[in-house]
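Participant: fold the following.
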Amino acid sequence: MRAGRRNAVGALVVVALLGGAVGCSGSDGAAKETRKNTKAESAQSGQSAANVITAAYKKTAAAKSARVEMSMSMPESADGGGAIKVTGMQGWDPTVMDFTMDGSMLAKAGSDGPSKVRMIWRDNIMYMDMGAEAAKELPDGKRWMKMDLGAMAEQSGDAQAMKAMTSGLDDMNQNPAQQLALLLESPNLKHLGAATVDGVKTEHYKGHLTVDEMMKSNSALDVLEPKDRKQLLDNIEKTGIKGYDTEVWVNQDNFPARMDVTMKTPKGDMKVMSKYSDYGAAIQVKTPPAGETVDFMDLMKELGQNAGGAGASS
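Facilitator: Numbering: from 1, shown residues only. As a prediction, the model looks like this:
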């Protein structure tokens, strides 16, 4: 495989994982019933903000699926900066998704990369459509990349990595129920008033979590040793990220119509905006045939062998 193709494949994998994992700082889903520090009153039946978000969490968790339109932007000056848009269907409990991604972030893969990437997640395995051009350089012209994250962690020989990866698989998509549970951890959750989202009447809520508060409420990080947790916290703080602002617009059916997560960095804001509809819709996700997929780990081994034996080919 030529060096340009190798770089394109690697870049696409990074973008896809970023798109799938963005906003993945979900909690364990055990939303708290009340928050002592929350005083704000909501226009929805005069309930407290915490009670409204708790009710929204319960309905969203029970719905188990929704249609999603998600956009993420990062400062161009930041590594991997740019924008990406994700559309499709997703389900939780169990995790399943069929997303299509496009945007300037895909340009990082170079001219060999596709303008759009389709990503399918089912049975804890991710499949990525690498595009027709990349398929020309993949084994037997297969255009689908298969990534079994649990198997990848197991092959790494790192027991802790395996436990972290398999326990966190359900956090690897933008699950609105988990995001609501995380928002309930905010000590300053408040109601901002009524608002209209795409013609739908909603009530607007906002909360802030520091990085440390987010990590304490994220059960996917429970597997980390104290020293590893501290190192992760230190690394995040080195980026200049102080915390996370989460906003949610709850419709009259007690479902989130929109959720925004903003992280302020020295180079500018990183923002994820998600709009949800069709809660509870049936999702039919078909994975590509085995004959059309190439295993990511096998490909990485091949690329390593080729890189070592072929030198700087192009």
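Participant: which SS state does Lys286 fall under?
Facilitator: Per DSSP: H, G, I helix; E, B strand; the rest coil, the secondary structure class of Lys286 is coil.
Participant: pLDDT on the helix or strand hosting Asp298, on average?
Facilitator: In this assignment (DSSP states H and E), Asp298 forms part of helix 296-310. The average pLDDT within helix 296-310 is 64.
Participant: mind listing the helices for the stretch 201-314 of the chain?
Facilitator: 211-217, 226-238, 296-310 (DSSP state H, counting those that start in this stretch).
Participant: now the shortest one: buried residues?
Facilitator: Residues of helix 211-217 classed as buried: 211, 213-215, 217 (neighbour count, 16 or more other C-beta atoms under 10 Å). Any C-beta I mention is one placed from the backbone N, CA and C, and that applies to glycine too.
Participant: can you add distance to Ala56 and give those residues back as JSON lines?
Facilitator: Converted to JSON lines, the buried residues of helix 211-217 look like this (distance: C-beta to C-beta, whole Å):
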{"residue": "Val211", "distance to Ala56": "25"}
{"residue": "Glu213", "distance to Ala56": "20"}
{"residue": "Met214", "distance to Ala56": "19"}
{"residue": "Met215", "distance to Ala56": "24"}
{"residue": "Ser217", "distance to Ala56": "17"}
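Participant: make TSV out of the residues you listed and add pLDDT and distance to Glu237.
Facilitator: Output for those, formatted as TSV (pLDDT from 0 to 100; distance: C-beta to C-beta, whole Å):
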residue	pLDDT	distance to Glu237
Val211	79	6
Glu213	80	13
Met214	75	12
Met215	72	11
Ser217	69	17
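Participant: which of these lies closest to Ala132?
Facilitator: Nearest to Ala132, judged by C-beta to C-beta, of the buried residues of helix 211-217 is Met214 at 39.9 Å.
Participant: ok, which stretches of the protein are strands?
Facilitator: In the chain, the strands defined using DSSP state E lie at 65-74, 82-91, 96-102, 116-122, 125-129, 144-148, 190-197, 200-210, 243-251, 256-265, 268-277, 293-295.
Participant: I'd like the ones you listed as JSON lines, with distance to Ala181 appended.
Facilitator: Output for the strands of the chain, formatted as JSON lines (distance: least, C-beta to C-beta, whole Å):
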{"stretch": "strand 65-74", "distance to Ala181": "16"}
{"stretch": "strand 82-91", "distance to Ala181": "16"}
{"stretch": "strand 96-102", "distance to Ala181": "19"}
{"stretch": "strand 116-122", "distance to Ala181": "20"}
{"stretch": "strand 125-129", "distance to Ala181": "24"}
{"stretch": "strand 144-148", "distance to Ala181": "27"}
{"stretch": "strand 190-197", "distance to Ala181": "17"}
{"stretch": "strand 200-210", "distance to Ala181": "12"}
{"stretch": "strand 243-251", "distance to Ala181": "11"}
{"stretch": "strand 256-265", "distance to Ala181": "12"}
{"stretch": "strand 268-277", "distance to Ala181": "15"}
{"stretch": "strand 293-295", "distance to Ala181": "34"}
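Participant: distance to Gln231 and mean neighbour count added to these, as CSV?
Facilitator: Formatted as CSV, the strands of the chain follow (distance: least, C-beta to C-beta, whole Å; neighbours: other C-beta atoms under 10 Å):
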stretch, distance to Gln231, mean neighbour count
strand 65-74, 23, 20
strand 82-91, 28, 20
strand 96-102, 30, 20
strand 116-122, 29, 21
strand 125-129, 26, 22
strand 144-148, 25, 21
strand 190-197, 33, 14
strand 200-210, 17, 20
strand 243-251, 19, 22
strand 256-265, 19, 20
strand 268-277, 21, 18
strand 293-295, 31, 19
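Participant: among these, which comes closest to Leu138?
Facilitator: Per C-beta to C-beta, nearest to Leu138 of the strands of the chain: strand 293-295, 5.4 Å.
Participant: who does that closest one pair up with?
Facilitator: strand 144-148 (parallel) (DSSP bridges).
Participant: in the beta-sheet assignment, what are the partners of Ile120?
Facilitator: Asp98, Tyr127.
Participant: I'd say it and Met126 touch.
Facilitator: Yes. With contact defined as C-beta atoms under 8 Å, Ile120 reaches Met126; the gap is 7.3 Å.
Participant: just the CA trace of stretch 181-201, in CSV.
Facilitator: Only the C-alpha atoms of stretch 181-201 are listed here, as CSV (Å, rounded to 0.1, in the frame of the first residue of the first chain):
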residue,chain,number,x,y,z
ALA,A,181,-27.6,11.6,33.5
LEU,A,182,-24.3,13.4,33.4
LEU,A,183,-26.0,16.8,33.3
LEU,A,184,-27.8,15.9,36.6
GLU,A,185,-24.3,15.7,38.2
SER,A,186,-23.9,19.5,37.7
PRO,A,187,-24.2,21.4,41.0
ASN,A,188,-25.5,24.5,39.2
LEU,A,189,-28.2,23.1,36.9
LYS,A,190,-30.6,25.8,36.0
HIS,A,191,-33.6,26.6,33.8
LEU,A,192,-33.0,29.4,31.3
GLY,A,193,-36.6,29.7,29.9
ALA,A,194,-38.7,28.8,27.0
ALA,A,195,-37.3,28.4,23.5
THR,A,196,-38.3,27.1,20.1
VAL,A,197,-36.2,24.5,18.3
ASP,A,198,-37.0,23.8,14.7
GLY,A,199,-40.6,25.0,15.3
VAL,A,200,-41.0,22.9,18.5
LYS,A,201,-41.7,24.5,21.8
